[in-house]
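Trainee: need a structure here:
(4 chains)
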Number of protein chains: 2
Amino acid sequence: MTGEDVTDYEMITATHAVLALLSPRWAVPVLYTLAGGTRRYSELLYEVGEISKKTLTQTLRSLEHHGLVDRRVDPDLPARVEYSLTPLGWSLTEPLMALYEWAATQLSGAGSRPRRLAA
Amino acid sequence: MTGEDVTDYEMITATHAVLALLSPRWAVPVLYTLAGGTRRYSELLYEVGEISKKTLTQTLRSLEHHGLVDRRVDPDLPARVEYSLTPLGWSLTEPLMALYEWAATQLSGAGSRPRRLAA
DNA sequence: CTGTATCCAGTAGGATACTG
DNA sequence: CAGTATCCTACTGGATACAG
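Mentor: The predicted structure follows:
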C-alpha cells in the first residue's frame, strides 16, 4: 500500500461515487428494468414499481448524466421517449452482478449458513 | 444478466440489500479503514474522516449487526473497544473491489465533491 | 405522453452535552 | 475512552397540479 499512486482516498471516493450513483432507492430497479430492453417513460413508470414521476425522472436524469442510460425523443405527438442502457450502462451490470452474487451467497448459502442480509 | 435462473425480484432485492448496507455515507470508509487492520473506536473516529461519534456508532452497529464487523470490548479501564472485519466482512471487499475497478476505469472524473448550500 | 413546479413528511446525520 | 441523549438542519422522495 506504500508507494502507490492510487491513494486510499481515491479508492474510497471512487467507490463511494459508484455507490452514490446506485444507492438512490430506484437506481438499480431502473437499471435492471432497462437491462430487459428499451423502455418508454410510461412503461418504466409502471414496470419499475411504486415510483413517482418526479423520482423516476430524477433517477433517469442522473443515470443519463453519468452516461449509463440513453434517452431518445420521438418528436411526433403525443410525445414518445425511449430509454435504454448505453455500453457503459451494460458494463456496470458486471460488478453489479458480483455484488448480487455476494448477497445471494450470504442470503441462502448452502443451507447451513446463517442469514446475514435479511432486508 | 439475461437468461438467469433467479427471479428479477430476488436479483433486485438482494442487490438493493447490499447497496442499502453500503450506501450510508460512512459505511465504505469504515470498512476500508478496518481493511487496514483492527482499529479502536477513537482511531476510527480520527482516521475515517469528518464523522460524528453518533454516526460512527450507528455505522459500526449496522455493520456489526450484519456480521461484517467484530466488536471486542476490553473490560479494563479506561474502556477500550476494538473493531475488526469478520471473514464475511473480508469477503465483501472482493465485490467492492470490482466496483472500484469499474469506477476507476469507466467513471472518469468520479471524484465526488461535497455539495454546498444552493444560496 | 412526458415531463416540470410546488408543497410536505420522513429521515440521515452533525453539534453538543452528558454518562459509565 | 467509548459511547448515549437531545436538538436541529438538510436532503430524499411522494403527492398533486400544471404544461408542452
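Trainee: can you pull out the strands in chain A?
Mentor: A:39-40, A:69-74, A:80-85 (DSSP state E).
Trainee: now these in JSON lines, with mean neighbour count?
Mentor: Just so you know, the C-beta spots here come from the backbone N, C-alpha and C atoms, and that holds for glycine as well. Formatted as JSON lines, the strands of chain A follow (neighbours: other Cβ atoms under 10 Å in any protein chain shown):
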{"stretch": "strand A:39-40", "mean neighbour count": "17"}
{"stretch": "strand A:69-74", "mean neighbour count": "14"}
{"stretch": "strand A:80-85", "mean neighbour count": "17"}
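Trainee: adding mean pLDDT and distance to chain B, write those out as a markdown table.
Mentor: Formatted as a markdown table, the strands of chain A follow (pLDDT from 0 to 100; distance: least, Cβ to the nearest Cβ, whole Å):
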| stretch | mean pLDDT | distance to chain B |
| --- | --- | --- |
| strand A:39-40 | 97 | 14 |
| strand A:69-74 | 95 | 14 |
| strand A:80-85 | 97 | 10 |
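Trainee: turn those strands into JSON lines, including distance to residue B:104.
Mentor: Below are the strands of chain A laid out as JSON lines (distance: least, Cβ to Cβ, whole Å):
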{"stretch": "strand A:39-40", "distance to residue B:104": "30"}
{"stretch": "strand A:69-74", "distance to residue B:104": "21"}
{"stretch": "strand A:80-85", "distance to residue B:104": "21"}
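Trainee: need these in TSV (columns: distance to DNA strand C).
Mentor: Formatted as TSV, these follow (distance: least, Cβ to the nearest atom of the strand, whole Å):
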stretch	distance to DNA strand C
strand A:39-40	4
strand A:69-74	7
strand A:80-85	3
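Trainee: and of these, who's closest to residue A:20?
Mentor: Taking Cβ to Cβ, strand A:69-74 is the member of these nearest to residue A:20, at 16.2 Å.
Trainee: does that closest one reach DNA strand D?
Mentor: No: applying Cβ under 7 Å from any atom of the strand, one finds strand A:69-74 separated from DNA strand D by no less than 10.6 Å.
Trainee: neighbours of the closest residue in space to residue A:18 that isn't next to it in sequence, how many?
Mentor: Distances taken as Cβ to Cβ, 6 or more residues apart in numbering or on different chains put residue B:103 closest to residue A:18, at 4.5 Å, once the chain neighbours are dropped. Neighbourhood size, residue B:103 [other Cβ atoms under 10 Å in any protein chain shown]: 23.
Trainee: what does residue A:94 give?
Mentor: 14.
Trainee: and it, what is it in contact with?
Mentor: Residues in contact with residue A:94 (Cβ atoms under 8 Å, 6 or more residues apart in numbering or on different chains) are B:98, B:102.
Trainee: quick one, phi psi at the residue lying closest to residue A:55 once chain neighbours are set aside?
Mentor: Nearest residue to residue A:55, sequence neighbours excluded (Cβ to Cβ, 6+ apart): residue A:26, at 6.0 Å. With angles defined as degrees, to the nearest 10, residue A:26 sits at phi -110, psi 0.
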